[in-house]
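A.B. asks: Next input, structure requested:
(one chain, ligands or ions: 1)
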Amino acid sequence: GVSHPRTPVGYLRQDEREGRALAAIDGLPPLREVIATHELVAKKALGQNFLLDLNLTAKIARAAGDLRGCDVLEVGPGPGGLTRGLLAEGARRVLAVEKDSRCLPALAEIAAHYPGRLEVINGDALAVDVLAHLTPPIRIAANLPYNVGTELLIRWLTPAVWPPFWQSLTLMFQKEVAERIVAKPGCDHYGRLALLAQWRAEAKIVMVLPPEAFTPAPKVYSAVVHLTALPAPRYPADPAVLERVVAAGFNQRRKMLRSSLKGVHPRIEALLEEAGIAPTERAERVSLEQFCHLARLVAAG
Ligand code: SAM
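C.D. replies: Residues are numbered from 1 along each chain as shown. Below you'll find the model as predicted:
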């Protein structure tokens with residue numbers, strides 16, 4: 001077997017002598033200490049539920065794929081747990097956009113530890129133009145407040161041109177929202193978000209986290225969703241027409257399509273038949289392929 005040399009008694013690293021522990025993943029202070037030092041009392045209005053376990057944040061970073069050679073956009077780094085995971089897992093560069101200026105000193109310490117690899121922008125992720133600061137290939141990773149996360153996801157899924165600027169999205173959501181993203185026809189969670197996400201991306205839940213994984217603990221379970229951009233849509237359709245058909249269908253999800261889609265096209269019953277959908281069917285049982293077929297027929301007039 002391999003023998004492990006023992007550290008001689010009394011021979012301690014400086015941080016150990018001083019009673020300061022250092023995290024195994026990067027040699028920076030543990031997050032609990034960072035939060036105490038910078039007095040980062042969590043603010044509810046900013047949706048602050050922090051991840052303090054660096055093994056967990058490194059695991060989330062690994063779920064984002066091979067980061068070497070990639071720029072990673074991180075939204076809402078907070079005290080930097082996921083940021084450190086992304087850097088330790090080899091991201092070429094991380095661009096972190098954080099609204100709360102109280103987090104900047106903690107993030108500056110990480111930037112100093114990884115020279116030239118972390119850029120921090122203090123601002124609202126919904127307003128900052130990040131593209132000027134990123135070089136492809138680009139991946140996105142974030143643990144964001146629920147409402148901001150959903151709004152950004154929809155934005156990232158609906159760019160003017162496809163493929164988008166990003167290769168993958170690795171995002172923490174409330175578990176229920178994650179289920180809506182990956183849902184299949186016939187499930188309760190199936191709707192606009194599932195169709196939007198799955199039309200041009202591969203979406204899967206890669207991790208489920210209990211409330212206790214966060215400090216402070218939220219009320220509900222969370223889940224990490226990993227989305228990979230497809231080179232082209234799974235089925236052809238005009239994005240605006242598809243969105244209109246899907247929105248109308250799910251606006252009244254318990255109604256039959258011949259009535260919920262009445263306003264979409266004057267001959268909707270005939271088009272539904274042509275797309276292979278019974279006019280008495282409900283939106284929640286119609287597949288992505290069928291919705292795309294219907295959208296093409298609607299667009300054709
Ligand atoms: N990433 C850290 C972690 O995993 O521990 C923090 C996660 S916490 C759930 C959400 C973070 O997003 C907070 O740091 C909060 O200040 C930040 N945030 C909230 N709204 C934001 C916005 N519109 N733009 C940028 N950051 C935002």
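
A.B. asks: Helix, strand, or coil at the residue positioned nearest the centre of the chain?
C.D. replies: Nearest to the geometric centre of the chain sits residue 171, at 2.0 Å (C-alpha atoms, centre = their mean). Under the three-state scheme (DSSP: H, G, I helix; E, B strand; the rest coil), residue 171 adopts strand.

A.B. asks: any idea how far the ligand is from it?
C.D. replies: 11 Å (C-beta to the nearest ligand atom, to the nearest Å). Placement of C-beta: from N, CA and C, glycine included.

A.B. asks: of all of the stretch 1-150 of the chain, which residue lies closest to the ligand?
C.D. replies: residue 76 (2.3 Å; C-beta to the nearest ligand atom).

A.B. asks: from memory that residue sits against residue 97, does it?
C.D. replies: Yes. In this structure, residue 76 is within contact of residue 97 by C-beta atoms under 8 Å, at 7.4 Å.

A.B. asks: what is in contact with those two at once?
C.D. replies: Common neighbours of residue 76 and residue 97, using C-beta atoms under 8 Å, 6 or more residues apart in numbering, are residue 125.

A.B. asks: For the stretch 151-300 of the chain, which segments count as helices?
C.D. replies: Using DSSP state H, counting those that start in this stretch, the helices of the stretch 151-300 of the chain run over 175-182, 192-200, 239-251, 257-260, 268-274, 288-299.

A.B. asks: How about the residues of the protein by the ligand?
C.D. replies: Taking C-beta under 6 Å from any ligand atom as the contact definition, the chain meets the ligand at 46-51, 75-78, 81-82, 97-100, 103, 124-126, 143-145, 148.

A.B. asks: I'd like to know which of these are buried.
C.D. replies: 46-51, 75-78, 81-82, 97-100, 103, 125, 143-145, 148 (16 or more other C-beta atoms under 10 Å).

A.B. asks: Among the residues you listed, which ones are in helices?
C.D. replies: 81, 82, 148 (DSSP state H).

A.B. asks: want to throw the residues you listed into JSON lines with pLDDT?
C.D. replies: Below are these laid out as JSON lines (pLDDT from 0 to 100):
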{"residue": "81", "pLDDT": "98"}
{"residue": "82", "pLDDT": "98"}
{"residue": "148", "pLDDT": "95"}
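
A.B. asks: from the residues you listed, which is closest to residue 208?
C.D. replies: residue 82 (16.8 Å; C-beta to C-beta).

A.B. asks: My guess is that closest one contacts residue 62. True?
C.D. replies: No. Residue 82 is beyond contact range of residue 62, at 11.6 Å (criterion: C-beta under 8 Å).

A.B. asks: residues contacting the nearest residue to residue 184 once chain neighbours are set aside?
C.D. replies: Spatial nearest neighbour of residue 184, chain neighbours left out: residue 190 (6.4 Å); criterion: C-beta to C-beta, 6 or more residues apart in numbering. Residue 190 makes contacts with 180, 183, 184, 284, as judged by C-beta under 8 Å, 6+ apart.

A.B. asks: what about the second one, how many neighbours?
C.D. replies: It refers to residue 183. 20 (other C-beta atoms under 10 Å).
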